[in-house]
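Student: Starting from these lines, generate the structure:
(3 chains)
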Amino acid sequence: MGEHVRFYPDYWGGKKLSYPNVPAEAPKFSRSVVVGNLIFVSGCEGQNDETVTIDSDVFEDQMVVALDKLRFAMEEAGSSLNNVVKTVMLLKNLEDYPRMRKTELEYYQKHAPMLVEDPPASTFMQVASLAEPGFLVEIDAIGVISRA
Amino acid sequence: MGEHVRFYPDYWGGKKLSYPNVPAEAPKFSRSVVVGNLIFVSGCEGQNDETVTIDSDVFEDQMVVALDKLRFAMEEAGSSLNNVVKTVMLLKNLEDYPRMRKTELEYYQKHAPMLVEDPPASTFMQVASLAEPGFLVEIDAIGVISRA
Amino acid sequence: MGEHVRFYPDYWGGKKLSYPNVPAEAPKFSRSVVVGNLIFVSGCEGQNDETVTIDSDVFEDQMVVALDKLRFAMEEAGSSLNNVVKTVMLLKNLEDYPRMRKTELEYYQKHAPMLVEDPPASTFMQVASLAEPGFLVEIDAIGVISRA
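Tutor: Model (predicted):
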C-alpha cells in the first residue's frame, strides 16, 4: 500500500515556509508533495517570491509568474509541465477569463506542447479573494511524474 | 512508478476544446484525465455543450445536465457514476443548497445506487461566480475506474 | 489497476449522512473515502456534529473543531494527521488568514509534529460563503495512509 512520499519546501525571500523560519501567522506550505506518481502542487500565484512583492497588477504578468511557479514545481519534482493532469483556475475578476486562457495557451505552446493538444482537466471559479487582495489569479494543480 | 495516463477530450458544438479548434481565449480543457485507477473530471456545469447555450435558468435543470456530464465522463473512462469518490460542489447561490442535495440524491437513486448508501466525500462552497454568470452549479469530481 | 476503496460514513446528531437517515435536502457525504494509499477527506468545518450547532463564532474555536475533524478522519482511516499531504483552506473572511495559520501551527505542534517541519501543499481562497453563513472556515484535505 505504501508509496514514496516527498515534501518539496517552498521559500519566500529565501526563508523556508515553515515555523520558526517564518512567523506563526505567516503562510506556511510546501511547494509540492509527491505521492507515488502524483504531484500535488500548492496554489501558484503572481507574487515575486524572492522579494515577496506583487510586481505588477497586469493580469498577464501575474499569470506568467504563476505558470513559472507551476513549471518549476513540476520540474523540481522530477517531471515537467507537460505532465500536469488537473488544474483549478481561481480568478479574482471574472472578466480576466479570456486573458487567462490565452496566456495559458501561449505558455503551453512554449513550455508544454503536449498540453496544447490535450489540456489538463480543469475546474474554474471566481473567488471572493485570494490570499492577498492584489492577487489576480491562482493555479491549483495535480500532475504526474510519468505518463507511462 | 509510472501508470497509464489517458486524456479524454471535451467537445463544445462539436469542436474539441483545444487550440486551434477553438480560439486562444476560449475554454480549453479535457473532459477527464485518467491516472492509473483515478479519474480527474473537469468541472461539470449546466451548459448544453452541443449548442453551447444555457437552456434553462431553473436550478434543477442545470444540476441534471451537470450530473449527466459527470456520469458520461465516468462511463467514457470505462467506469460508472457509482465510482465517484470525491466531489466539490460549487454553487452560485447559497439558497440552492437544499435543491442541490435533493437533485443529487434523486439522480443517484436512478443512476448510481451505491452512492445513495455511501455518498462521495464532498466539499461545498458558494463562489463569487462560475465561468458564465448564468451558471448556477458546477461539480468537480474524482472517481476511480474500479473499487477493488 | 484496482485498489481497495473504502467509504467512511459521516454522522450528524448520530445519524449517518445518507438517505433516508437524513432528509433528501440535507447534507449527505462520507467523512472520507480511501483509494489505495490516498485518503480524500470531506471539507471539515467548525460545526459541533453531535448537536449540529455552531457553538462559537470565534474563529479559533471553529478552526480547532475543523482540525479535530480532520485528525479524527485521518485516524479513523488508519493513518494520522501527520500524513496530510494537501489542504485547501477556505475562509469566509480574509482577515482571519493570520489566525488561521497560527491556529493550524499550534495544532500541528500538538498533534502532527511532522507537519511543522514540512507542511502540506496548500491552496487558499476566500469564498462567498460556506454551507452555513456562520461557518468561518472549512478545510478540504487529501492524506495518505502511509508515507513509505
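Student: could you point out the longest helix in chain A?
Tutor: In chain A, assigned by DSSP state H, the helix with the most residues is helix A:59-76.
Student: What ranges in chain A fall below the confidence cut-off?
Tutor: Residue ranges of chain A with pLDDT under 70: A:1-2.
Student: at 90 instead, please
Tutor: Applying pLDDT under 90 to chain A picks out residues A:1-3, A:148.
Student: How far does the longest helix of chain A sit from its chain's centre?
Tutor: Put simply, helix A:59-76 sits 6 Å off its chain's centre (Cα atoms, centre = their mean, to the nearest Å).
Student: contacting residues around the next helix or strand after that helix?
Tutor: Sequence-wise, the next helix or strand downstream of helix A:59-76 (DSSP states H and E) is strand A:84-91. If you take Cβ atoms under 8 Å, 6 or more residues apart in numbering or on different chains as the criterion, strand A:84-91 is touched by A:43, A:70, A:74, A:97, A:100, A:112, A:115, A:120-127, A:130, A:136-144, B:5, B:7, B:29, B:33, B:35, B:40, B:140, C:123, C:125. (Glycine included, C-beta is placed from N, CA and C.)
Student: Just these: which are in strands?
Tutor: A:43, A:121-126, A:137-144, B:5, B:7, B:33, B:35, B:40, B:140, C:123, C:125 (DSSP state E).
Student: got the contact list for the residue positioned nearest the centre of chain A?
Tutor: Central residue of chain A (Cα atoms, centre = their mean): A:C44, 2.9 Å from the mean position. A:C44 makes contact with A:66-67, A:69-70, A:73, A:138-141 under the criterion Cβ under 8 Å, 6+ apart.
Student: So which of those would count as near chain C as well?
Tutor: With Cβ under 8 Å from any Cβ of the partner chain as the criterion, those include A:138, A:140 near chain C.
Student: and which of the contacts of A:C44 is nearest A:Y107?
Tutor: Taking Cβ to Cβ as the measure, A:Y107 lies nearest A:L67 of the contacts of A:C44, at 4.6 Å.
Student: on that earlier part again, just the closest of the contacts of A:C44 to chain C, please.
Tutor: Using Cβ to the nearest Cβ, A:D140 is the member of these that lies nearest chain C, at 4.2 Å.
Student: Please determine how far A:G46 is located from chain B.
Tutor: The gap separating A:G46 from chain B is 18 Å, by Cβ to the nearest Cβ, to the nearest Å.
Student: dump the residue contacts of that residue.
Tutor: Counting by Cβ under 8 Å, 6+ apart, A:G46 has contacts A:54, A:56, A:61-66, A:135-137.
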